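[1] Okay, here's the prediction I keep looking at, along with the sequence it came from:
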Amino acid sequence: MASPHHRYKAGERILLGPESVLEVVSGAVALTVLHEDGAEVLLGLLGPGQVLVGHPQETSCLQLYALGTATVWVQPWSKAVLQPGFADRLRDRLRSLEAWAAMQARPSLERRLLGILGLLAGQFGRPASQGVEIEVGITHHQLASAVGATRSTVTRLLGRLRRRGLLIAVRHGRGERYCLPPREGAEDPERCEPALVGRPLIP
């Protein structure tokens, strides 16, 4: 019997049928939309325990691909809706989408970038000596596609945030990861949101 789990390499495209539901088992999956002019916009990342419902291929420009090595579980909608807590998982998914959209709608490019990094810290962060480290590698190009800017502009902004002490870059293998240092004062709207992940559907 074939395993319902599928493993993907970094950058590999993930195909999801319109009547299927995907759940991330490990790693991270990127959701993007491809425009007619070839521009690609990052709509969010899915981490372990998060679900995504398939869309009709002929009416959707949405694409999924593994951000790093990722394992996903795909099941038919008819079975997914019978899993305990499925409605709660869909609610969390909607909240995650709305939070991401709210950050992308901020008028200031710097606030959009900090907001997206804050959401990623809430979703993929772990406590570190310098603050909250985002445990997924995301490139300048991917951040640029999320906030609606060029890669060079985002690179310049990231450098500015680092100089102001609002962001720390941590070397990780051949790349880098980002760490959000603790901020003084009351609750900060730029800081990370709580992780929107419930109990896994996987038995």
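    That came in fine, so what should we check first? Numbering: from 1, shown residues only.
[2] what pairs with Tyr65 across the strands?
    Arg13, Ala30 (DSSP bridges).
[3] Make 21 the first number, not 1, from now on.
    Got it, the first residue is 21 from now on, which makes the last one we talked about Tyr85.
[4] Let me see the contact set for it.
    By CB atoms under 8 Å, 6 or more residues apart in numbering, the contact list for Tyr85 reads Tyr28, Gly31, Glu32, Arg33, Ile34, Val49, Ala50, Thr52. Yep, even glycine has a C-beta here, placed from its N, CA and C like the rest.
[5] same for the helix or strand encompassing the last one, what does it pack against?
    When you say that, I think you mean Thr52. Here Thr52 is covered by strand 49-54, with elements defined by DSSP states H and E. When contacts are defined as 3 or more CB pairs under 8 Å, 6 or more residues apart in numbering; DSSP states H and E, strand 49-54 sits against strand 60-66, strand 82-86.
[6] quick one, what contacts the residue positioned nearest the centre of the chain?
    By CA atoms, centre = their mean, the chain has its centre lying nearest to Leu65, at 1.8 Å. Residues in contact with Leu65, defined by CB under 8 Å, 6+ apart, are Ala48, Val49, Ala50, Leu51, Leu87, Leu140, Gln143, Phe144, Val156, Ile158.
[7] Which neighbouring elements make contact with the lowest-mean-pLDDT helix or strand in the chain?
    The helix or strand of the chain with the poorest confidence is strand 188-192; it has a mean of 86 (mean pLDDT, DSSP states H and E). For strand 188-192, the helices and strands in contact under the criterion 3+ CB pairs under 8 Å, 6+ apart are helix 171-183, strand 195-200.
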